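**Student:** build me a model from this:
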Amino acid sequence: MPAAISTTAVWSLVAVLLLVSNDACSAGTPVLTPPPASFFDLVGERDRDAARNFYAKYASANGLPIVASEEVADQALVRACEIVDAMLAGRPDILEQMVDNGMYLIIIGKDQVYTDMPENRHVRDKDFMNERVRGTGGKPTSFGEENLLSLALDRYDDESIAVHEFSHTIDGTLRSLDSDWRDRLQSVYRSVCDQGKYVGAYARGNPGEYWAEAVQAYFDCNRVNNWNHGPVGTREVLRTYDPEGYELVRSTFQLEPESVWRYSFLQSHPVVISPPQRFKIPGYYTKFSWAREFCVVGNAVSDEALLKVNDTVRKMFAYRHDLLKTLINDDAKLVVLGENERLADLPEWAEFEAAGASPGDRQADYLPATATLVVPSDAAVKPAGEISGIGNPVVYSMAKAFYGQVAVRAIDPNWENRGRDVQQYELNVRRLDERFGKEVRDARANALKAGLWSGTAASSSDADYLASGVVAYFDAGGSTHPAPSREELQGYDPALHTIVHETMAYEGRVDWRFHADQP
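**Tutor:** Okay, here's the model as predicted:
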């Protein structure tokens, strides 16, 4: 009588057979075709006609359909197929169940929005959804083309939305495939929450998000240290920080960690490119870099300096994207000057001159009329202590810029009653408005009475006062700053230190201080 064969062994054999089948992505580049008529039977009846007119490209990941409109690059479908194949290489039963369930994947084009998809046309509050969402799990599961292909204009450029959203679909499939799955996931989730892990992170929201975030980390493609992420972005960090989550993912996918696939971005971010037409940036500027949706541009500046400025903006606003968003919503841009450039060289010079600037100036505060602020590249990349002045111009100017946006903002009486329509970056932070402006104004008045900040820019305006505190908080104060580091600021002007500490929201989170040599 033949020996019994374990379930794991059976599925391993099935996996081998699937991988050598003609339909498997891993057998080579999948063949792209128009969607077969049978595909549209998977689409809900309400959306079926719209889908027939919209989807023009089709690929199959071992029987799981992937579709997109004509404008989506072929490589995006190929990439999606590869991700599905790699993630489920050890669990063909999950993939088979997805196919049996009528699951399919759709790709949102880089110039499309979530509600352009036929299945998503009926969602409420489209503007809210289109700002937040570049993919969702469930039927259908969706990914953004720009994220799949690591394109320059990807607001999630340091994580994989495909892995995250497909993990939700895997979770949903396991609930029908494995009767113990829900309880196992819930048990691990409760355990890590009880241990105080993932505080303030998206992973703590519910078991489904915990699972998807853990899977991203396991495959080396999770974002770290921002408004809704902590330090867990890779497999090794997951294994150390959350061994229960690590083991849950490892045992579920049934892949050996030494040989298992790890996500690889097609290009590293951020990058420098030519300014995209959609931003209507003057032709003088030939270089562009995207810092969490904020535009950083230049002409004669080096790529290295532009990327350093980009990194500074990202780190400065890591936990306060809502503040950066006030400038993004203004279509603001930060101009980084090359060593021999001056304000008079810029296409916005007439407006800066009218505001009182001199032709030889190399730095300018945010000017709403042009939605532009300007910093010199040499000072932007120097160690702060070597700067002859108040401090790093990027940190200082950006602090003044956001203060100008929020300090006069009216109080929103409905802010605490917005229901579910709250962007992730608005959670767990205080909305700054005219009350914040008064706090800064009062603190400055008290500081001046105490004889502080004499002869410095901080004595001239509330915006400069706050910026002087922000630049010190990030250890970016220059040679003329009376308290150039965080600790010195706390001793010199405790009230300002408290305001900045609360404002930038670094309490209890991974810290950042400016260093010229990072990255």
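**Student:** ranges for the strands of the chain?
**Tutor:** 57-61, 64-68, 105-108, 141-144, 287-291, 294-298, 333-337, 364-367, 372-376 (DSSP state E).
**Student:** which residues does the third one contact?
**Tutor:** Translated: strand 105-108. 55, 61, 64-68, 72, 76-77, 80, 84, 114, 116-117, 119, 134-135, 140-145, 148, 166 (Cβ atoms under 8 Å, 6 or more residues apart in numbering). Using the backbone N, CA and C atoms, a C-beta is placed for each residue, glycine as well.
**Student:** filter those to the buried ones?
**Tutor:** Among those, the ones that count as buried by 16 or more other Cβ atoms under 10 Å are 55, 61, 64-68, 72, 76-77, 80, 84, 114, 117, 119, 134-135, 140-145, 148, 166.
**Student:** thinking again about what came up before, ok, which of the strands of the chain comes nearest residue 466?
**Tutor:** Residue 466 lies closest, by Cβ to Cβ, to one member of the strands of the chain: strand 364-367, at 12.8 Å.
**Student:** neighbouring strands for that closest one, and are they parallel or not?
**Tutor:** The strands beside strand 364-367 in its sheet (DSSP bridges) come out as strand 372-376 (antiparallel).
**Student:** that older thread, can I get the strands of the chain in JSON lines with mean pLDDT?
**Tutor:** JSON lines is the format used below for those (pLDDT from 0 to 100):
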{"stretch": "strand 57-61", "mean pLDDT": "98"}
{"stretch": "strand 64-68", "mean pLDDT": "99"}
{"stretch": "strand 105-108", "mean pLDDT": "98"}
{"stretch": "strand 141-144", "mean pLDDT": "97"}
{"stretch": "strand 287-291", "mean pLDDT": "98"}
{"stretch": "strand 294-298", "mean pLDDT": "99"}
{"stretch": "strand 333-337", "mean pLDDT": "99"}
{"stretch": "strand 364-367", "mean pLDDT": "98"}
{"stretch": "strand 372-376", "mean pLDDT": "98"}
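**Student:** could those be laid out in TSV, adding distance to residue 464?
**Tutor:** Output for the strands of the chain, formatted as TSV (distance: least, Cβ to Cβ, whole Å):
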stretch	distance to residue 464
strand 57-61	54
strand 64-68	50
strand 105-108	43
strand 141-144	40
strand 287-291	23
strand 294-298	22
strand 333-337	18
strand 364-367	9
strand 372-376	14
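**Student:** figure out which of these is closest to residue 325.
**Tutor:** Per Cβ to Cβ, nearest to residue 325 of these: strand 294-298, 8.8 Å.
**Student:** can I get the closest one as CSV, trimmed to CA atoms?
**Tutor:** Provided in CSV are the C-alpha atoms of strand 294-298 (Å, rounded to 0.1, in the frame of the first residue of the first chain):
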residue,chain,number,x,y,z
PHE,A,294,5.7,68.4,-3.4
CYS,A,295,7.6,69.8,-6.3
VAL,A,296,11.3,70.5,-6.1
VAL,A,297,12.8,72.0,-9.2
GLY,A,298,16.0,73.5,-10.5
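**Student:** ok and it relative to strand 287-291, angle-wise?
**Tutor:** Relative orientation of strand 294-298 versus strand 287-291 (axes from the mean of the first three to the mean of the last three Cα atoms, to 10 degrees): 160 degrees.
**Student:** list the buried ones in stretch 396-416?
**Tutor:** Residues of stretch 396-416 classed as buried: 396-407 (neighbour count, 16+ other Cβ under 10 Å).
**Student:** I should have written stretch 457-468 there, sorry.
**Tutor:** In stretch 457-468, counting by 16+ other Cβ under 10 Å, buried: 457-458, 462-468.
**Student:** show the pLDDT at the nearest residue to residue 270 once chain neighbours are set aside.
**Tutor:** Nearest residue to residue 270, sequence neighbours excluded (Cβ to Cβ, 6 or more residues apart in numbering): residue 310, at 4.8 Å. Per-residue pLDDT puts residue 310 at 98.
**Student:** domain map for this structure?
**Tutor:** Split into domains by the TED database, the chain comes to 27-267, 272-413+420-504.
**Student:** distance from the chain centre to the shortest one, please.
**Tutor:** Same thing as domain 272-413+420-504. 20 Å (Cα atoms, centre = their mean, to the nearest Å).
**Student:** what's near enough to touch residue 116?
**Tutor:** Residues near residue 116 by Cβ under 8 Å, 6+ apart: 108-109.
**Student:** again but with residue 171, I slipped
**Tutor:** 137, 181, 185, 208, 211-212.
**Student:** quick one: which of the residues you listed has the most company?
**Tutor:** Of the contacts of residue 171, residue 211 is surrounded by the most neighbours, 25 neighbours in total, counting by other Cβ atoms under 10 Å.
**Student:** show me where pLDDT drops low in the stretch 1-150 of the chain?
**Tutor:** Within the stretch 1-150 of the chain, the stretches with pLDDT under 70 are 1-28.
**Student:** so how far is stretch 418-428 off the chain centroid?
**Tutor:** For stretch 418-428, the separation from the chain centroid amounts to 16 Å (computed by Cα atoms, centre = their mean).
**Student:** and it, what's its mean pLDDT?
**Tutor:** The model assigns stretch 418-428 a mean pLDDT of 82.
**Student:** the chain should start at 335 in everything you say after this.
**Tutor:** OK, 335 is where the count begins now, so the last one is stretch 752-762.
**Student:** quick one: buried residues of that stretch?
**Tutor:** The neighbour-count check on stretch 752-762 (16+ other Cβ under 10 Å) flags residue 759 as buried.
**Student:** what's the end-to-end length of that stretch?
**Tutor:** Using Cα to Cα, to the nearest Å, one end of stretch 752-762 lies 14 Å from the other.
**Student:** now do stretch 756-775
**Tutor:** This stretch, stretch 756-775, spans 29 Å end to end (Cα to Cα).
**Student:** now do residue 484 against residue 561, distance only.
**Tutor:** Shown here: residue 484 relative to residue 561, a distance of 22 Å by Cβ to Cβ, to the nearest Å.
**Student:** okay, the domains of the chain in TSV with distance to residue 846 next?
**Tutor:** Listed next are these as TSV, based on distance: least, Cβ to Cβ, whole Å:
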stretch	distance to residue 846
domain 361-601	8
domain 606-747+754-838	4
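**Student:** name the nearest residue to residue 527, sequence neighbours excluded.
**Tutor:** Nearest one to residue 527, counting by Cβ to Cβ, 6+ apart, is residue 538 at 6.2 Å.
**Student:** how close does that neighbour get to residue 548?
**Tutor:** Shown here: residue 538 relative to residue 548, a distance of 12 Å by Cβ to Cβ.
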